[in-house]
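Student: Provided below for reference: sequence and predicted model.
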Amino acid sequence: MLEQLLIFTRGGLILWTCKELGKALRGSPIDALIRSCLLEERSGDSSYNYDSSGVAYTLRWTFHNELGLVFVAVYQRILHLLYVDDLLSMMKREFAEIYDPKRTVYDEFDDVFRQLRKEAEARAEEMKKSKQLVKPSSVLSGKQGQGGNVRFDNGGNQRSGLAGKDGGGEKDSSEKGRNLANGNANGHVVEQSVVKREENGSLNVGPIDVNKLQGIARRKGGKKSGVVAKKATKEETKKNVTKANRVWTDKPAESKKLDFSDERGDDDVKVEGVDQGESLMDKEEIVTSDSETEEEEEGREDANSNSKKKGWFSTMFQSVHLRAISIAGKANLEKSDLESALNALKDRLMYKNVAEEIAEKLCESVSASLEGKKLASFTSVSSTVKVCYSSPSEFLVSNGEALERILTPRRSIDILRDVHAAKEQGRPYVIVFVGVNGVGKSTNLAKVAYWLQQHNISVMMAACDTFRSGAVEQLKTHARRLQINLFEKGYEKDPAIVAKEAIQEATREGKDVVLVDTAGRMQDNEPLMRALSKLIYVNNPDLVLFVGEALVGNDGVDQLSKFNQKLGDLSPASNARLIDGILLTKFDTIDDKVGAALSMVYISGAPVMFVGCGQLYQDLKKLNVDSIVKTLLK
Ligand SMILES: Nc1nc2c(ncn2[C@@H]2O[C@H](COP(=O)(O)OP(=O)(O)OP(=O)(O)O)[C@@H](O)[C@H]2O)c(=O)[nH]1
């Protein structure tokens, strides 16, 4: 049973809701969808799950990009409504017929909707029956006449129905758009049971088998990305980007470079990177152009663009020029038209170390935003090409959109302001540093301590890595060099209790901030993850900071998502604390492979609060979103 259906503009104006459903939704699922999905470039996702106020809703949606309209259906998660995508697709088509930007009331759509719903339900029922009669293992090749049960015509259109119904079941061309089987199979091998297509030819999959189909797509993409990964690895080797091996000894990790205790107060020791939002790294320094040979070709396409600096997107622009000419006469931009541009975008993002899953989601989101847009006329090939192939980049870059939005924190965390607020409450502000082994937790904790000191904030360090030998001494060295109090109880103590006692002592001594170091742990190590969630539960810190290496690609996403998942699952609290922010280390070693920042923020929704970019105490900066976006798309 549907709970609600509504149509609204991208600007947020609600044009139509289904009055006969009439139920008031519990919680704010639509607001949540807009905030978490549509505004954060997750609109390529197939559905959104909303859990709150004791309800579990599923939301599905479709866009009419040309008109700037959004169509959303809400239903109880427990139900598997097979017809929702089909219904939304038909509503989109019918509503487009009557839409007038000057109107805000569409009462006449009630009747249309009633009819569409009946049709969609009937087709879903028919599908269900035919599904039961088709062998579960049957897979169609997209060729005509397979098995007699379901077949594709020469144009790729799938005709629904059983053999006996075939003749009578065929509808005339005016009804073609409403035929569930509309679309273009393009010879792809797909499981036939739940395939249905939108009128623009794009593949749409019913709720039950979304994962299955995505799995197929991913497996296909997987091979490709393997090639890309190999290519990336080769290029990486060329550039000699290597990670220094960590040497494990029982001695504290002495870092001469980090010893600035003698020079403290000298003019050459500065932390302006953090304060003034200095450019994280100069793009000229970190980016090598990928497209040296493209300029001649570019000249042939567009004389005006000669003066512009060439980047990867202009390379893409040329390489797909012929394809663009072939689609220039079309009325609307379809998913298949964007395919090569989006594949190139995905490869590029992955080359820059964006995790594959995230790169895919971003491309789906771009695709969802561009599909259905009107193309320019055949005569203006150049602008058509731009719409089709440069638009993903324009979409992402010039309008300050997708990537920037992802990297810009949903909630801002101003540590200095919050430290002062805690001080007014007569308690220290507590930051817990968490992460896997060797990523730079202790070193960057010392950098944060140094940065706080520069702001006249008194700090206490708490040595709660009571697990790895040498960890306490390592922190002791930093504390001595920075002349900061260290609270430590040696090894094999419960880190949660050590942290608690440290906070109590800091409160007694009137310290402003307690920085809690924790043992590195693999995200799958359950006992250690349980100990960490206990530490967080017992001490309820102000900030849980995930320290991760900027070198990682897919791994970083796995680390961060599993940390969050384990912190949630293993916490004694029903409303567990998760990761609040990210500190990305070793940015100085990654050249232009800045994708980890994007992946980590996307997967966790937590902002990158600091970037570690060297082995000096002052090598701590703020993330420069603009610079990261430019680097990603260069
Ligand atoms: N180049 C570079 N190296 C860094 C950076 N941050 C930390 N390191 C180095 O990374 C190595 C590991 O740092 P640690 O602070 O010991 O890492 P950790 O996460 O505390 O290690 P465990 O306690 O074993 O989990 C050290 O050699 C640091 O000097 C950085 O921003 N850039």
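Tutor: That came through fine. Predicted model, so just to flag it, every value in this text is computed and none were measured. Residues are numbered from 1 along each chain as shown.
Student: okay, CA-based contacts and neighbour counts for the rest of this
Tutor: OK.
Student: For the stretch 501-634 of the chain, which segments count as strands?
Tutor: 513-518, 543-549, 581-585, 608-612, 620-621 (DSSP state E, counting those that start in this stretch).
Student: Turn these into JSON lines, columns for distance to the ligand, mean neighbour count and mean pLDDT.
Tutor: JSON lines is the format used below for the strands of the stretch 501-634 of the chain (distance: least, Cα to the nearest ligand atom, whole Å; neighbours: other Cα atoms under 10 Å; pLDDT from 0 to 100):
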{"stretch": "strand 513-518", "distance to the ligand": "7", "mean neighbour count": "27", "mean pLDDT": "98"}
{"stretch": "strand 543-549", "distance to the ligand": "8", "mean neighbour count": "25", "mean pLDDT": "96"}
{"stretch": "strand 581-585", "distance to the ligand": "4", "mean neighbour count": "26", "mean pLDDT": "95"}
{"stretch": "strand 608-612", "distance to the ligand": "4", "mean neighbour count": "25", "mean pLDDT": "93"}
{"stretch": "strand 620-621", "distance to the ligand": "7", "mean neighbour count": "28", "mean pLDDT": "94"}
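Student: Tabulate the ones you listed (TSV), appending distance to Gly435.
Tutor: Output for these, formatted as TSV (distance: least, Cα to Cα, whole Å):
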stretch	distance to Gly435
strand 513-518	8
strand 543-549	5
strand 581-585	10
strand 608-612	14
strand 620-621	17
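Student: okay, Gly520: pLDDT?
Tutor: Per-residue confidence (pLDDT) for Gly520: 93.
Student: Could you list the residues of this structure in contact with the ligand?
Tutor: 436-444, 471, 519-520, 585-589, 612-615 (Cα under 6 Å from any ligand atom).
Student: filter those residues to the buried ones?
Tutor: With neighbours counted by 16 or more other Cα atoms under 10 Å, those contain buried members at 436, 439-444, 471, 519-520, 585-589, 612-615.
Student: how many other residues sit next to Leu33?
Tutor: Counted by other Cα atoms under 10 Å, the residues lying close to Leu33 total 22.
Student: which ones are touching the nearest residue to it once chain neighbours are set aside?
Tutor: Using Cα to Cα, 6 or more residues apart in numbering and skipping the chain neighbours, the partner closest in space to Leu33 is Tyr48 (6.9 Å). Applying Cα atoms under 8 Å, 6 or more residues apart in numbering, we find Tyr48 in contact with Leu33, Cys37, Thr58, Leu59, Arg60.
Student: Among the residues you listed, give me the pair with the biggest separation.
Tutor: Within those, Cys37 and Thr58 form the most distant pair, 12.8 Å apart (Cα to Cα).
Student: Compare those two (neighbour count), which wins?
Tutor: Thr58 (22 against 17).
Student: And the pLDDT at the more buried one?
Tutor: For Thr58, the model assigns a pLDDT of 89.
Student: Can you name the next helix or strand after the host helix or strand of it?
Tutor: Using DSSP states H and E, Thr58 maps to strand 55-64. Later in the chain than strand 55-64, the nearest helix or strand by DSSP H and E is strand 69-76.
Student: what pairs with that next one, and is each one parallel or antiparallel?
Tutor: strand 2-9 (antiparallel), strand 55-64 (antiparallel) (DSSP bridges).
Student: ok, residues contacting the longest one?
Tutor: By that I understand strand 55-64. Outside strand 55-64, the residues that touch it by Cα under 8 Å, 6+ apart are 26, 29, 33, 46-51, 69-78, 84-85, 88-89, 92, 368-369, 372.
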